[in-house]
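A.B. asks: prediction below, plus the sequence it came from.
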Amino acid sequence: MADEDGSEVQGIPEAASDSVPDVIIISGMSGAGRTEAMHTFEDLGYYVIDNLPPRLILTLAQIVGINEGIGRHLAIVCDLRSQGLFDELTDELDQLEENEISYSLVFLDATDEVLRRRYSTGRRRHPLAMEGESTIDAIHRERRQLDAVRDRANVIINTTELRSNELHKKLHSIFSELSDQQLLDVQVFSFGFKYGMPVEADMLIDVRFLPNPFYDPEMRNLTGLDEKVSTFVLERPETKAFLKAWYELLDAVMPGYVAEGKSMLSIGVGCTGGQHRSVTLAIATATYLESQGYHVTCSHRDLPRAQAQRS
């Protein structure tokens, strides 16, 4: 099967199937994206091991409890760097089947010329190149040695025309049970400008233009976690107009972050002291994003400082 971008995907459909395999074995041509694939599975919460001798796959699956239904999914990179040990891979796949441990063998490929150019651009030596051997000769030899593994693969992805984020997205679509929105870890936090600008924020919104509950004696010692403060802030016409525009902005930019393959996004909401307005609107922001299907955590950086000053 060929995707619209020209990449080849065989075996597993765009699998939001009922479950994903217990073990993912990543193999394929050097330079075709094995490292990027490994990072993708790390983002998905897999236990990831690089360059594991194939004979240890079943043992490792049993150690982490996969055969008992209690372990994390495994993603293992197996390639020709293990030299003679790699020949044991097909036997180990048979052992997984006999022990009723589900697996998928992912083979990453690209054209010889693209692989050669990637090594040339990165000024790296092909890991299998022998002394005096050219990069293209090493690629040809590696391809011949991998023929049997490619024939056994459940999924073949040709990365010739794929950027790194596109490979991430393709692997997400095949092997994750989560939606694209849920794969983006959104961290919303409130803060006070008086305590310094947050350097970690990808997006930052300043809500100091809104009326400040601090100047009402009845709310001065309360916080945005208190209903009286949140009601005061959210019911102001200025806030309603702001939230309408703010949610429209989020609707416009969040899909772009998802399409980019970003795994984490930090949104800072700031007011003067990080006690009233920013707390209320950080919670409102987190609640809205959750309603749109994103995985969101909400925290309040400077609230402990404000509370300490009151006591």
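C.D. replies: Good, I have the coordinates.
A.B. asks: can we go C-alpha only for contacts and neighbour counts from here?
C.D. replies: Fine.
A.B. asks: dump the strand or helix carrying Arg150 to PDB, keeping only the CA atoms.
C.D. replies: Assessed by DSSP states H and E, Arg150 sits inside helix 147-152. The C-alpha trace of helix 147-152 is given here as PDB (Å, rounded to 0.1, in the frame of the first residue of the first chain):
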ATOM      1  CA  ASP A 147      16.200  -9.100   2.400                       C
ATOM      2  CA  ALA A 148      14.900 -11.800   4.600                       C
ATOM      3  CA  VAL A 149      14.000  -9.400   7.400                       C
ATOM      4  CA  ARG A 150      12.100  -7.100   5.000                       C
ATOM      5  CA  ASP A 151      10.100 -10.100   3.700                       C
ATOM      6  CA  ARG A 152       9.100 -10.900   7.300                       C
END
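A.B. asks: could you list the buried residues of it?
C.D. replies: Residues of helix 147-152 classed as buried by neighbour count (16 or more other Cα atoms under 10 Å): Val149, Arg150.
A.B. asks: which strands or helices does it pack on?
C.D. replies: If you count contacts as 3 or more Cα pairs under 8 Å, 6 or more residues apart in numbering; DSSP states H and E, helix 147-152 packs onto strand 103-109.
A.B. asks: what pairs with the strand it packs on, parallel or antiparallel?
C.D. replies: Strand 103-109 sits in its sheet next to strand 23-28 (parallel), strand 155-158 (parallel), going by DSSP bridges.
A.B. asks: now these as a markdown table including mean neighbour count?
C.D. replies: Shown next, in a markdown table, are the strands paired with strand 103-109 (neighbours: other Cα atoms under 10 Å):
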| stretch | mean neighbour count |
| --- | --- |
| strand 23-28 | 24 |
| strand 155-158 | 22 |
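A.B. asks: just send those back as TSV, with distance to Ile139 too.
C.D. replies: TSV is the format used below for the strands paired with strand 103-109 (distance: least, Cα to Cα, whole Å):
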stretch	distance to Ile139
strand 23-28	11
strand 155-158	15
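A.B. asks: any chance of those strands in JSON lines, plus mean pLDDT and distance to Gln292?
C.D. replies: Below are the strands paired with strand 103-109 laid out as JSON lines (pLDDT from 0 to 100; distance: least, Cα to Cα, whole Å):
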{"stretch": "strand 23-28", "mean pLDDT": "93", "distance to Gln292": "30"}
{"stretch": "strand 155-158", "mean pLDDT": "95", "distance to Gln292": "31"}
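A.B. asks: and of those, who's closest to Gln275?
C.D. replies: The closest of the strands paired with strand 103-109 to Gln275 is strand 23-28. By Cα to Cα, the value is 46.5 Å.
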